[in-house]
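S.K.: Quick one, structure for this:
(2 chains)
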2 protein chains.
Amino acid sequence: MQITLGIINVSEAKKLILESCITAKIENVSLLEATGSVLAEKINSVVNTPPFDQAAMDGYAFDFDSWDRKSVLTVSGEVQAGNFSSATVKSFETVRIFTGAPLPTGTDTVVMQEKIIVVGKTICIQDNLLVKGSNVRREGSQTIKGELVMQKGQLLTPAAISFLASIGVDKLNVYSKPSVSIIVTGDELMPPGRILSNGQIYESNSFGLTAALNQINISPVSIDIVNDEEAEIIKTITSRLSTDILILTGGVSVGNYDLVPSSLKQCGVVQIFHKVKQKPGKPLYFGKINQTLVFALPGNPAAVLTCFYEYVLPAISRFTQKQYFRRLQMPLASDFRKKPGLTFFLKGKTKYHEVIILNNQESYMMNSFAMADCILELEEDKELYKKGDLVNVSMIV
Amino acid sequence: MQITLGIINVSEAKKLILESCITAKIENVSLLEATGSVLAEKINSVVNTPPFDQAAMDGYAFDFDSWDRKSVLTVSGEVQAGNFSSATVKSFETVRIFTGAPLPTGTDTVVMQEKIIVVGKTICIQDNLLVKGSNVRREGSQTIKGELVMQKGQLLTPAAISFLASIGVDKLNVYSKPSVSIIVTGDELMPPGRILSNGQIYESNSFGLTAALNQINISPVSIDIVNDEEAEIIKTITSRLSTDILILTGGVSVGNYDLVPSSLKQCGVVQIFHKVKQKPGKPLYFGKINQTLVFALPGNPAAVLTCFYEYVLPAISRFTQKQYFRRLQMPLASDFRKKPGLTFFLKGKTKYHEVIILNNQESYMMNSFAMADCILELEEDKELYKKGDLVNVSMIV
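M.R.: Modelled structure (predicted):
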């Protein structure tokens, strides 16, 4: 395992994370649970669909070739969807048939009920366009038994779920979501809804992270809010190392009370990098222990969510094999000057095929992030961006 | 209430549905439950954020104006995040301070710990760029108590949730999701996973509809699979009329066993329209009873999901005040000829800024729908589309 101690750039950091991801795990789930997941196996149809020649319309079924194109046909029975007639229909006979019903033996064509005249117990067909096989869905016209019908890697949309149900699939293998634990550190944190004392602020990072996980249909398995006390932090980390992904916030800089990196070390977590040339989120830490990926994010709320979308989400994608949000290039709506030497991740809003950089980009400010629909990335080395310059945009809604 | 008996076109049908939607309902939920919902009230901040002048860096806090730009400062104490010092810091004194900690009385500036030299119990500042207020987040610099910080109608993204937590909000009013019931009719239906008997097919519509509802974070309150027996259908409908939206599938054409419209009538549902000039889904029925919207969809699986996305989803949007998928215009990837007189909704796939019409568009076929990422709409009156013609595209993923 590569261990990087100095500050690294964004692309190195992203590469090290992806290299640390384990092989995606597979689980067998019921069809409905699979909605939105990615298929982890090939699916071959175990049935012909339709499973029998089926009326596509309400009408009358008969044998086309034995009919002389003019005689009336005698109605000898009726079959509706879900029923089955074992009698064989003879020449110049017909059966009343309803949409979805199986064609009785001896029939191959259905004339629509709007195209006949009933004369006593016979019908007279008045349909010049009728050909052999009209208004019949042939057995196996959608899928043939044994045929490969879905590839590994397919996104299981509602339509895919409906299709799999229609060929009888009730359980299937999909790529598992990772289990995720959240540990928020900080002596100054008070839950929303309470009254703040001197020096306290509202704890918002567990809410932002949980909401971001919920947005991609993951519920964190645990949320711990702990004080800046090493023993407490170590105890909490230790109890959460069975999860696939552990996210910590706060205490990750180099101050006397930044106890997270040292606590992780004492828990046996191997640091892979600490500090990235970026704003916000420069003190970002990433490590690993056994199969657990550990992301320790700086405590400022905008840094937390930016690092979640830019670093944690790609790791989650490796588990689920799913791309969550669109990434695209868009022209900037106005000039922007930045310090060179750091990649800037900025809260943005797309509008009329342009991307606007919002105000209040400081890492402790969330009021503009609340209005953002994307994060845009400005390159480390670049200093001046002009209106119309193409920038990388990661959608977050 | 307008009651339309004849076949109508797509835009009339959509208009009648929207006119039948009730005023959106509002519910008070906890902050995390609100993720992905739309805010139904204005939010004014009840606190200043930050709630106090706060160190933005680890360093030393002091009073800038009383300092002579050269003398050492005597370290008189320490304050970390979550703590509070009630002592006043005097001229030429300083306190060790950590990120997030409140500035003690008598200080207004923080010098970073990297920009000082410690000499015994004093520090020597070496920072030519330091100005009054450096490295301090001023009280109220993000929000001022009483300030309007979020408008009604705002989508509650994870960042919005994090922001609201940071200003202490723990409960809020959002537009409610509708309650939805599903009733699937048909004698021929067998659950996936079982063995088919003669004349049976697998029941897939409850799976497709439930997955489509889950995709927008709605769980149906009930799913009933009923036979084509009027008494059973009527009993089931009656028991589900307390939901906001009732979706039925199958039995909606004009055949002898199409019992849904007559059953709905007997339950007191007022038909608003029955039949739309479209393919698939021509027999679509829409009605209303009290506050309940009733959609009776044709039973073919592709018609069911197409009608869900085109008709039921806009009604759900009226409840939640949320737009779920992007609707855009894209050029067709190849020529296409259709029958005039019906609007065609086709399963499509977007690729390189074009939209491809997939094969197998028949309403009983789901294999192509399973691969689709959009539904494209071809106009009723038009017959020939050329490659490059712009068409309306509704994304479904």
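
S.K.: what's the first-to-last distance across stretch A:269-288?
M.R.: 5 Å (C-alpha to C-alpha, to the nearest Å).

S.K.: Return the residues in contact with the residue of the stretch 201-350 of chain A found nearest chain B.
M.R.: Closest approach between the stretch 201-350 of chain A and chain B, counting by C-beta to the nearest C-beta: A:Gly208, at 2.9 Å. Bear in mind the C-beta positions are built from the backbone N, C-alpha and C, glycine included. Taking C-beta atoms under 8 Å, 6 or more residues apart in numbering or on different chains, we find A:Gly208 in contact with A:Pro301, A:Val304, A:Leu305, A:Phe308, A:Met366, B:Pro158, B:Ala159, B:Ile161, B:Ser162, B:Ala165.

S.K.: Please identify which helix or strand holds it.
M.R.: Element membership for A:Gly208 (DSSP states H and E) is helix A:205-215.

S.K.: Report the rounded mean pLDDT for that helix.
M.R.: Averaging pLDDT along helix A:205-215 gives 98.

S.K.: What of stretch A:350-365?
M.R.: Averaged over stretch A:350-365, pLDDT sits at 92.

S.K.: Tell me who's in contact with A:Ile182.
M.R.: Per C-beta under 8 Å, 6+ apart, neighbours of A:Ile182: A:Ser206, A:Leu209, A:Thr210, A:Pro220, A:Ser222, A:Ile223, A:Asp224, A:Ile247, A:Leu248, A:Thr249.

S.K.: partner residues bridging it?
M.R.: Under DSSP bridges, the beta-bridge partners of A:Ile182 are A:Ile223, A:Ile247.

S.K.: Next one, pLDDT for it please.
M.R.: With respect to pLDDT, A:Ile182 scores 98.

S.K.: on that earlier part again, among the contacts of A:Ile182, which one has the most neighbours?
M.R.: Counting neighbours by other C-beta atoms under 10 Å in any protein chain shown, the top entry in the contacts of A:Ile182 is A:Thr249, with 30 neighbours.

S.K.: if I look at that one, how far off is A:Gln323?
M.R.: Applying C-beta to C-beta, to the nearest Å, the value for A:Thr249 to A:Gln323 is 25 Å.

S.K.: again with A:Ile272
M.R.: Distance from A:Ile272 to A:Gln323, counting by C-beta to C-beta: 24 Å.

S.K.: who's more crowded, the two?
M.R.: Neighbour count, other C-beta under 10 Å: between A:Ile272 and A:Gln323, A:Ile272 has more, with 22 against 12.

S.K.: Make sure that one is actually in contact with A:Phe286.
M.R.: Yes - with contact defined as C-beta atoms under 8 Å, A:Ile272 reaches A:Phe286; the gap is 5.0 Å.

S.K.: Next, show the common contact partners of those two.
M.R.: A:Leu16, A:Ile17, A:Ser20.

S.K.: Narrow those residues to those in strands?
M.R.: Nothing among those maps onto strands, per DSSP state E.

S.K.: from those, which single one is nearest chain B?
M.R.: Among the shared contacts of A:Ile272 and A:Phe286, A:Ile17 lies closest to chain B (C-beta to the nearest C-beta), at 20.1 Å.

S.K.: Report how many residues lie close to A:Arg318.
M.R.: Residues lying near A:Arg318 (other C-beta under 10 Å) number 18.

S.K.: Look at it and report its pLDDT.
M.R.: On the pLDDT scale, A:Arg318 is placed at 97.

S.K.: Kindly report the same for A:Thr4.
M.R.: 61.

S.K.: Over to A:Lys347?
M.R.: You'll see A:Lys347 listed with a pLDDT of 97.

S.K.: Give me the phi and psi for it.
M.R.: Main-chain dihedrals, A:Lys347, degrees, to the nearest 10: phi -70, psi 130.

S.K.: pretty sure it contacts A:Ala302?
M.R.: Yes - using C-beta under 8 Å, A:Lys347 is in contact with A:Ala302, at 7.3 Å.

S.K.: Next, show the common contact partners of these two.
M.R.: A:Gln361, A:Phe369.

S.K.: Now do the same contact list for A:Leu346.
M.R.: Per C-beta under 8 Å, 6+ apart, neighbours of A:Leu346: A:Ile357, A:Leu358, A:Gln361, A:Ile375, A:Leu376, A:Glu377, A:Leu378.

S.K.: A:Leu264 versus A:Gln291, what's the distance?
M.R.: Relative to A:Leu264, A:Gln291 is positioned 16 Å away (C-beta to C-beta).

S.K.: no, scratch that, I was asking about A:Gly199
M.R.: Remark: distance between A:Gly199 and A:Leu264 (C-beta to C-beta) = 26 Å.

S.K.: Those two: who's more crowded?
M.R.: Between A:Gly199 and A:Leu264, counted using other C-beta under 10 Å, the more crowded position is A:Leu264 (24 against 21).

S.K.: mind listing what the more buried one touches?
M.R.: For A:Leu264, the contact set (C-beta under 8 Å, 6+ apart) comprises A:Ile237, A:Leu248, A:Gln271, A:Tyr285, A:Gly287, A:Val294, A:Ala296.

S.K.: With distance to A:Ile123 and pLDDT added, can I get those in JSON lines?
M.R.: Putting the contacts of A:Leu264 into JSON lines (distance: C-beta to C-beta, whole Å; pLDDT from 0 to 100) gives the following:
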{"residue": "A:Ile237", "distance to A:Ile123": "79", "pLDDT": "98"}
{"residue": "A:Leu248", "distance to A:Ile123": "77", "pLDDT": "98"}
{"residue": "A:Gln271", "distance to A:Ile123": "82", "pLDDT": "96"}
{"residue": "A:Tyr285", "distance to A:Ile123": "80", "pLDDT": "97"}
{"residue": "A:Gly287", "distance to A:Ile123": "78", "pLDDT": "98"}
{"residue": "A:Val294", "distance to A:Ile123": "75", "pLDDT": "98"}
{"residue": "A:Ala296", "distance to A:Ile123": "78", "pLDDT": "98"}
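
S.K.: can you tell me which of the residues you listed are in helices?
M.R.: Secondary-structure check on those using DSSP state H: residues within helices are A:Ile237.

S.K.: wait, which of the contacts of A:Leu264 is closest to A:Val75?
M.R.: A:Val294 (74.8 Å; C-beta to C-beta).

S.K.: so what's the closest one up against?
M.R.: Counting by C-beta under 8 Å, 6+ apart, A:Val294 makes contact with A:Leu246, A:Leu248, A:Leu264, A:Val269, A:Tyr285, A:Phe286, A:Gly287, A:Lys288.

S.K.: Also A:Asp335?
M.R.: Applying C-beta under 8 Å, 6+ apart, the residues near A:Asp335 are A:Leu384, A:Tyr385, A:Lys386, A:Lys387.

S.K.: what about A:Thr88, helix or strand, and which?
M.R.: With DSSP H and E as the test, A:Thr88 turns up in no helix or strand.
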